[in-house]
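**Student:** Pasting the sequence and the predicted model now:
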Amino acid sequence: KRVLGITHFAVHGEIHLHFSVNGKVRIVLLHIIHCFVYTYRTSFLIRTEVGVTQHAHYRCMIEEADGIFRQLGNVNQRFGIGMTVNQRICQEVCAFLGVQNMHGAEMFVFWTDADDFLGDLDGIAVFGVKACDDENDKVDLDSRRDAFCGKISVCNNLYQYGIPFTDTTLHTYSIYSDLLAADINKFAAICRVVNGLRHARIGAIGTRPAGFQTVRASEKLLQASGITVVPVDLSEILSAARKIEDADETLQAKLKEIRQYAAVPEQYNDKLILQAKFGVAVEQWMEANEIDAVAIQCWDSLEQNYGCAACVTMSMLSEKLIPAACEVDIAGAVSMYALTLASGRPSALLDWNNNFAEDRDKCVCTHCGNFPKSFVMNDLKLGTLGVLGRTLGKVHTFGAVYGKVKQGDFTFFRISTDDTKGCIKSYLGKGDLTDDPYGMDGCIAVTKVDNLQPLMKYICKNGFEHHVAMCRGNVKDILAEAIETYLNWNIYIHE
């Protein structure tokens, strides 16, 4: 699944291309080593272990290859040095890419003729172009590379062929620079977002509550971008939950997991088994249907017809990097998934909910209680839903997560399917979580976003929902590149 391959090709001029074939990402580093191509004319595969975050390994690889090539002598005009990045595939990381885990080797064919090379890239998305610095004391005809100029020509050809690509931070820099590792890691995150969303399966458990017209979404517009919505009636999940025996080993493990995840008030111990059965049923359905993210009908059929809230189940799923959105907000689940793919961290779905006194750049973002623990970064406690607890009775609404989010930087993102315009639109930005106290139950995040008022005007004028997805850290540039260059969704980037 989704293996990231890093392959080196030799051509004249240190030009680096990154592209994707059949959903498998390849980073192609078109690298010139004159003595190899023009003196030894070799075509042999070099097997070596490489760590992308330690640029010295690149130099070691070249030195090792040089020694082997000298022994092999003249063979062919073509050669390639390749290596594969293996993805960590396990439930704990939701099959996300382990960029540092690089090993093995592969060789791919290359062509020295630019027209042939680009012609064979038909239908392939190029993800990055890099050029290497020349050195001021090596600018004679035998030593210089002219990659500064050559990169412009490569980009020009890619543009002519209609092949999208991502540029590097600087126009040229050394392949031994730490910046190369940073750019590759950034590119890997862009690839995760693009490939992840283009093949995403979003679960929709239950129907959208009648009172939440704001979270309507077009499955057809999502499908046009490769995002499949997989629905299931809430009654099927509840029926499966009720069939789970109290002594079931999976259920007992889930009970233990919940107790370790959050503090459970003693008076609700008897309700915990009901909550755990619901969680097991949801996870089993998601696993059987290969669901990447989910939106759940948490309001208010579950409380009335089963007797608990969905919050802790959603919180724990998101903590496992399987985003879970409230109120069957399918577009919200996609937004969360994009942030999780970009950051490799849990994401949360929040309401832009309250002003913070008269500080116009602050907003209190909250939800009944679905934030993942790593997003909160404080201890969690389980309780009852506030609003529904008053109308339905607290005993029927146990399972909400209480937690005050700790300070730190964050990225916010939201997509919306605009049926009127026939497009997917989005907005994106960054801000800071603060430690300002705020006396409200549930999950609470006091946020500060520069120029918040213009953002709110944009949200209101363009018909966006009240929900917003957030994750810790700054992945704004990663998402912007993925959406603008490869997914072609409409996007407003807030500054």
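**Tutor:** Received, thanks.
**Student:** How much space separates Asp300 from Ala204?
**Tutor:** Between Asp300 and Ala204 the computed distance is 17 Å (CB to CB, to the nearest Å). All C-beta spots, glycine's among them, are computed from the backbone N, C-alpha and C.
**Student:** Please identify which of these two sits among more neighbours.
**Tutor:** Neighbours per residue (other CB atoms under 10 Å) separate Asp300 from Ala204, with Ala204 holding more: 23 against 18.
**Student:** Which strand or helix spans the residue lying closest to the more buried one once chain neighbours are set aside?
**Tutor:** Using CB to CB, 6 or more residues apart in numbering and skipping residues adjacent in sequence, the residue nearest Ala204 is Pro231, 4.4 Å away. Here Pro231, judged by DSSP states H and E, is contained in strand 228-232.
**Student:** chain center to whichever helix or strand comes after that strand: distance?
**Tutor:** Downstream of strand 228-232, the first helix or strand assigned by DSSP H and E is helix 234-242. Remark: helix 234-242 is offset 30 Å from the chain centroid, using CA atoms, centre = their mean, to the nearest Å.
**Student:** packing partners for helix 234-242?
**Tutor:** Judged by 3 or more CB pairs under 8 Å, 6 or more residues apart in numbering; DSSP states H and E, helix 234-242 is in contact with helix 269-288, helix 301-305.
**Student:** got those as a markdown table, with mean pLDDT and mean neighbour count columns?
**Tutor:** Output for these, formatted as a markdown table (pLDDT from 0 to 100; neighbours: other CB atoms under 10 Å):
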| stretch | mean pLDDT | mean neighbour count |
| --- | --- | --- |
| helix 269-288 | 96 | 19 |
| helix 301-305 | 95 | 17 |
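**Student:** With distance to Gly393 as added columns, please give the ones you listed in JSON lines.
**Tutor:** JSON lines is the format used below for the helices and strands packed on helix 234-242 (distance: least, CB to CB, whole Å):
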{"stretch": "helix 269-288", "distance to Gly393": "12"}
{"stretch": "helix 301-305", "distance to Gly393": "9"}
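**Student:** Which one, of the ones you listed, ends up nearest to Leu479?
**Tutor:** helix 269-288 (24.3 Å; CB to CB).
**Student:** Please enumerate residues in contact with that closest one?
**Tutor:** Contacts to helix 269-288, defined as CB atoms under 8 Å, 6 or more residues apart in numbering, come from residues 203, 205, 232, 236-238, 240-242, 244, 246, 248, 250-251, 254-255, 258-259, 264, 291, 294, 296, 302, 306-310, 312-313, 316-317, 322, 395, 398-399.
**Student:** what comes up buried for stretch 344-359?
**Tutor:** Gly344, Arg345, Pro346, Ser347, Ala348, Leu349, Leu350, Asp351, Trp352, Phe356 (16 or more other CB atoms under 10 Å).
**Student:** And the first one, its phi and psi?
**Tutor:** Dihedral pair for Gly344: phi 70, psi 20, per degrees, to the nearest 10.
**Student:** now, which of the buried residues of stretch 344-359 lie within helices?
**Tutor:** Nothing among the buried residues of stretch 344-359 maps onto helices, per DSSP state H.
**Student:** Return the subset of the residues you listed lying in strands.
**Tutor:** Ser347, Ala348, Leu349, Leu350, Asp351, Trp352, Phe356 (DSSP state E).
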